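1. Mind looking at a prediction? Sequence and model below.
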Amino acid sequence: MNNYPFFTMDDFDFDNKCVYLRIDINSPINPITQEIMDDSRLNSYSETINELSDSKLVITAHQGRPGDDDFTSLKYHSRYLSKLMGREILFIDSLFGSSVDYAVSRMKKGDIIMLENTRFYSEEVSINFNNFNIIENTHIVKNLSKLFDYYIIDAFGAVHRPHTSLIGFKKSGPMIAGRLMEREISMLDKFKYSNQRPKIAILGGSKVSDAVKVSRSFFEKGIVDYILYGGVAANLFLIASGKNIGKRNIDFIKNNNKNYLELIDMARNLIEKYPEKIILPDDFILNPSQKNITLKDNVPDNELLADIGFNSIEKFKDYIKRAKNIFINGPMGMYEINEYSIGTREILDEISNSSAMKIVGGGHTISAVNRFGFRKYMDYVSTGGGALINYLSGDSIPVIDALIENKKMFGD
Ligand SMILES: Nc1ncnc2c1ncn2[C@@H]1O[C@H](COP(=O)(O)OP(=O)(O)OP(=O)(O)O)[C@@H](O)[C@H]1O
Ligand SMILES: O=C(O)[C@H](O)COP(=O)(O)O
């Protein structure tokens, strides 16, 4: 038996068994060529997949969100993974139904199948996740649970999502944490439980909802001493503090977050409660004009705040220099475009030079770390973005909760 409150792969023998493996290979996709721009997440599954080489293995995963440019089929991911692993992977362009049943019924020991993007099906994300009866009555769970002996969940990057393919098999049979989950949890616990101060979080990128929600836990539970905000996350806090950041930047947040007003309220409360712990940029590089602007100037309505400016970079560097533990999730700006990548590069450079414990996570953040050559300086590169910050915040994590409950149900 292992030391975790959930099953791990040490607890079972998968020889000739039919195994469901849920992974997270959600990756940055080039919107024009549809190519996978960074294969870090795909690479992180070699240990789990190799260990399952004597099973009949069926892999599920998601990519993107409906409506976004990166909401694509997993056909390319299956080819990519097949090349990386040097194993044949049969791709089925469906998540369940007769084509899946037939393909699984013909599997032999050592075969691997990958199914279609779980998010092509509304039952994956758009049901009431507070009611498990609804989850276990989805077509996804009813159809797939007929096929498997074991359910391995190794999608660390998505542990904060209570989605059907992640938690839906809780009562169907043993649900087991994969090798990546074990590795992530043991490494991240070193940061979470370290008493070396100051501890800082650097939150950027575009997914502001996760960033604001976890910030409260970080401060309330004293998990970090300061949070430095860049990217769209910074913009949200700037709006909440009464700054006018221009129509285009406000619309960006409104269009991507139905709960815009609630997020602004949450950010405002945090600013009132923890004013000296919230560190915001005060100058920016504009897109498209590429001008450097401070917030004393008016932000033109047609410009994006596409990167943090030079004063902000220096201000952030001071905090990084003093820190004993640092983690970063989310780039400081639109790092994919050279002209707006300086903030992200400079911040990653300063982190790389620090002797603090350094953790990085998030699909785009990892892509930036790799692209600018900083990977070798990091103590740990997590595959999680939102998952990483949720895990470190100490809040309850739906997939980990489901794994724990499952062990109580199926343990001896
Ligand atoms: N100020 C900004 N305005 C608009 N987009 C921005 C801004 N700053 C960063 N971005 C965009 O945010 C995206 C990255 O954000 P995201 O939150 O997805 O990062 P991540 O957490 O590393 O990745 P993931 O969530 O995919 O794991 C990039 O495409 C970047 O161009
Ligand atoms: O990239 C991620 O953070 C995970 O794959 C979860 O994706 P999501 O934020 O679209 O749910």
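-> The structure has been received and is ready for your questions. Residues are numbered from 1 along each chain as shown. Ligands and ions are numbered 1, 2, ... in the order given.

2. ok, the residue lying closest to residue 108 once chain neighbours are set aside - contacts?
-> Nearest-residue entry for residue 108: residue 56, 7.0 Å, with adjacent residues in sequence omitted and distances by CB to CB, 6 or more residues apart in numbering. Bear in mind the C-beta positions are built from the backbone N, C-alpha and C, glycine included. By CB atoms under 8 Å, 6 or more residues apart in numbering, residue 56 lies in contact with 16, 17, 18, 19, 104, 107, 108, 109, 110, 111.

3. quick one: the fourth one is in a strand?
-> Yes: checked against DSSP: H, G, I helix; E, B strand; the rest coil, residue 19 lies within a strand.

4. The stretch 1-150 of the chain: strands as residue ranges?
-> Using DSSP state E, counting those that start in this stretch, the strands of the stretch 1-150 of the chain run over 7-8, 18-22, 56-60, 90-91, 112-114, 150-153.

5. what is the residue nearest to residue 108 paired to in the beta sheet?
-> Going by DSSP bridges, residue 56 is paired in beta bridges with residue 18.

6. and of the strands of the stretch 1-150 of the chain, who's closest to residue 191?
-> Proximity to residue 191 (CB to CB) singles out strand 7-8 among those, at 21.1 Å.

7. Give me every residue in this structure lying close to ligand 2.
-> Contact residues, the chain versus ligand 2 (CB under 6 Å from any ligand atom): 24, 26, 65, 157, 158, 161, 207, 363, 385, 386.

8. quick one, what contacts the third one?
-> Residue 65 is in contact with 71, 119, counting by CB under 8 Å, 6+ apart.

9. Tell me how far it lies from residue 81.
-> Distance of residue 65 to residue 81, given as CB to CB, to the nearest Å: 21 Å.

10. As a check, name the ranges of all strands in the stretch 201-350 of the chain.
-> Counting by DSSP E, counting those that start in this stretch, the segments of the stretch 201-350 of the chain that form strands are 226-229, 278-279, 283-287, 292-294, 304-308, 325-329.

11. Which of the ones you listed sits closest to residue 72?
-> The closest of these to residue 72 is strand 325-329. By CB to CB, the value is 23.2 Å.

12. Need the strands of the stretch 201-350 of the chain in a markdown table (columns: distance to residue 118).
-> Formatted as a markdown table, the strands of the stretch 201-350 of the chain follow (distance: least, CB to CB, whole Å):
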| stretch | distance to residue 118 |
| --- | --- |
| strand 226-229 | 31 |
| strand 278-279 | 36 |
| strand 283-287 | 34 |
| strand 292-294 | 42 |
| strand 304-308 | 32 |
| strand 325-329 | 23 |
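
13. Among those, which comes closest to residue 43?
-> Across the strands of the stretch 201-350 of the chain, closest to residue 43 is strand 325-329 (CB to CB), at 19.1 Å.

14. Give me the mean pLDDT for that closest one.
-> Per-residue pLDDT over strand 325-329 has a mean of 96.

15. quick one: strands adjacent to that strand?
-> Strand 325-329 pairs in its sheet with strand 199-203 (parallel), strand 357-361 (parallel), by DSSP bridges.

16. C-alpha coordinates for it, PDB please?
-> Output of strand 325-329 as PDB, limited to C-alpha atoms (Å, rounded to 0.1, in the frame of the first residue of the first chain):
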ATOM      1  CA  ASN A 325      10.300  30.600  -2.700                       C
ATOM      2  CA  ILE A 326       8.800  31.600  -6.100                       C
ATOM      3  CA  PHE A 327       6.200  30.200  -8.400                       C
ATOM      4  CA  ILE A 328       5.000  31.700 -11.700                       C
ATOM      5  CA  ASN A 329       1.900  30.800 -13.700                       C
END
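
17. what distance separates that strand from the centre of its chain?
-> 14 Å (CA atoms, centre = their mean, to the nearest Å).

18. again, but for stretch 313-320
-> 25 Å.

19. possible to save the strands of the stretch 1-150 of the chain as TSV with distance to ligand 1 and mean pLDDT?
-> Conversion of the strands of the stretch 1-150 of the chain to TSV gives the following (distance: least, CB to the nearest ligand atom, whole Å; pLDDT from 0 to 100):
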stretch	distance to ligand 1	mean pLDDT
strand 7-8	25	97
strand 18-22	17	98
strand 56-60	19	98
strand 90-91	23	98
strand 112-114	20	98
strand 150-153	18	98
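
20. Include distance to residue 134 when you put those into TSV, please.
-> Converted to TSV, the strands of the stretch 1-150 of the chain look like this (distance: least, CB to CB, whole Å):
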stretch	distance to residue 134
strand 7-8	25
strand 18-22	19
strand 56-60	19
strand 90-91	29
strand 112-114	27
strand 150-153	19
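
21. picking that back up, tell me which of the strands paired with strand 325-329 lies nearest to residue 377.
-> Using CB to CB, the strands paired with strand 325-329 put strand 357-361 closest to residue 377, at 7.1 Å.

22. Could you list the buried residues of stretch 110-130?
-> Residues of stretch 110-130 classed as buried by neighbour count (16 or more other CB atoms under 10 Å): 111-121, 123-125, 127, 129.

23. now do stretch 24-39
-> By 16+ other CB under 10 Å, the buried positions in stretch 24-39 come out as 24, 25, 26, 27, 28, 29, 36, 37, 38, 39.
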